[in-house]
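Colleague: Sequence and computational prediction follow.
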Amino acid sequence: MKKLILGTAALALSAGMAMADTVRMGTEGAYAPWNFVNDAGEIDGFERELGDELCKRAGLTCEWVKNDWDSIIPNLVSGNYDTIIAGMSITDERDEVIDFTQPYTPPDPSAYVALSADVDLAGGVVTAQANTIQAAFVAEQGWTLVEFATPEETVAAVRNGEADAVLADQSFLDTVVGDGLVMLERKEQIGGGVGMGLRESDGELRGKFDTAIQSMKDDGTLNTMIAKWEVSSQW
């Protein structure tokens, strides 16, 4: 019986170690071309390709977890997954709660899409996805802000007249312009680039991803991937 108990304990320890070797990559799956769910029901996009390559270079086994944006940081902190790789801009406010790797893309310009090119942003209603740098920017301007949980809802709000314009990453808005929606000439440069978010206690894991990101910058692979998906300017 004693040997059986010891054997069970050893198996439990072994299973725990195996689980620890699998890194769970949390993403939104709703922000093309950064991350989205394809027709096969799988996570796809720039960050899926990037994340898989980073895990390969870091010698890690990774699996993907889809999570809504509004709870993506709390669920990282609570342990539902081990990283956030979801087009998340590095900000001082977020850095107080979680840690970030070095950025894997430079800051992406934020743009406006509306039904008319002469929309009055200051006098109208501007929508943005909740808990984003764009929502914070609109609020700081003192403009009327309407927030929604998903990017699709912000675009729908412009189409149905609930908002006059939507502010989001230009790379995302590039995928929705047309069919009556136009992009305004005005752009905003906000945020400090996009990086992977990790728990503050996971310094070793952050170091592995930092090294992998740097290696992709050094050999040009990252710029090639950025150009393929057209998510931002290159390094």
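Modeller: Here it is on my side, so go on.
Colleague: The most centrally placed residue in the chain and residue 142, how far apart?
Modeller: When C-alpha atoms, centre = their mean is applied to the chain, the residue found nearest the centroid is residue 86 (1.7 Å). Per C-beta to C-beta, to the nearest Å, residue 86 is found 29 Å from residue 142. In this view, the C-beta of every residue, glycine as well, is placed from N, C-alpha and C.
Colleague: Walk me through the domains of the protein.
Modeller: Domain assignment for the chain by automatic domain parsing gives 25-106+192-229, 110-188.
Colleague: Using a markdown table, please lay out these together with mean pLDDT and distance to residue 235.
Modeller: Shown next, in a markdown table, are the domains of the chain (pLDDT from 0 to 100; distance: least, C-beta to C-beta, whole Å):
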| stretch | mean pLDDT | distance to residue 235 |
| --- | --- | --- |
| domain 25-106+192-229 | 97 | 6 |
| domain 110-188 | 97 | 16 |
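Colleague: Could you pull out the strands in this structure for me?
Modeller: Here the chain has its strands, by DSSP state E, at 22-27, 30-31, 35-37, 43-44, 61-66, 83-84, 99-100, 110-114, 125-129, 144-148, 165-169, 182-188, 197-198.
Colleague: Pull out the buried positions in the fifth one.
Modeller: For strand 61-66, a neighbour-count test (16 or more other C-beta atoms under 10 Å) marks 62, 64-65 as buried.
Colleague: thought residue 168 was touching residue 151?
Modeller: Yes. Contact criterion C-beta atoms under 8 Å: residue 168 and residue 151 qualify, at 6.3 Å.
Colleague: Can you check which residues contact both of the two?
Modeller: Residues touching both residue 168 and residue 151 by C-beta atoms under 8 Å, 6 or more residues apart in numbering: residue 129.
Colleague: residues in contact with residue 174?
Modeller: Going by C-beta under 8 Å, 6+ apart, residue 174 touches 183, 230.
Colleague: again, but for residue 102
Modeller: Residues in contact with residue 102 (C-beta under 8 Å, 6+ apart) are 195, 210, 213-214.
Colleague: Just those: which are in helices?
Modeller: Among these, the ones falling in helices (DSSP state H) are 210, 213-214.
Colleague: picking that back up, can you put the strands of the chain in CSV and add distance to residue 219?
Modeller: Below are the strands of the chain laid out as CSV (distance: least, C-beta to C-beta, whole Å):
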stretch, distance to residue 219
strand 22-27, 22
strand 30-31, 27
strand 35-37, 23
strand 43-44, 24
strand 61-66, 20
strand 83-84, 22
strand 99-100, 22
strand 110-114, 30
strand 125-129, 34
strand 144-148, 39
strand 165-169, 26
strand 182-188, 31
strand 197-198, 23
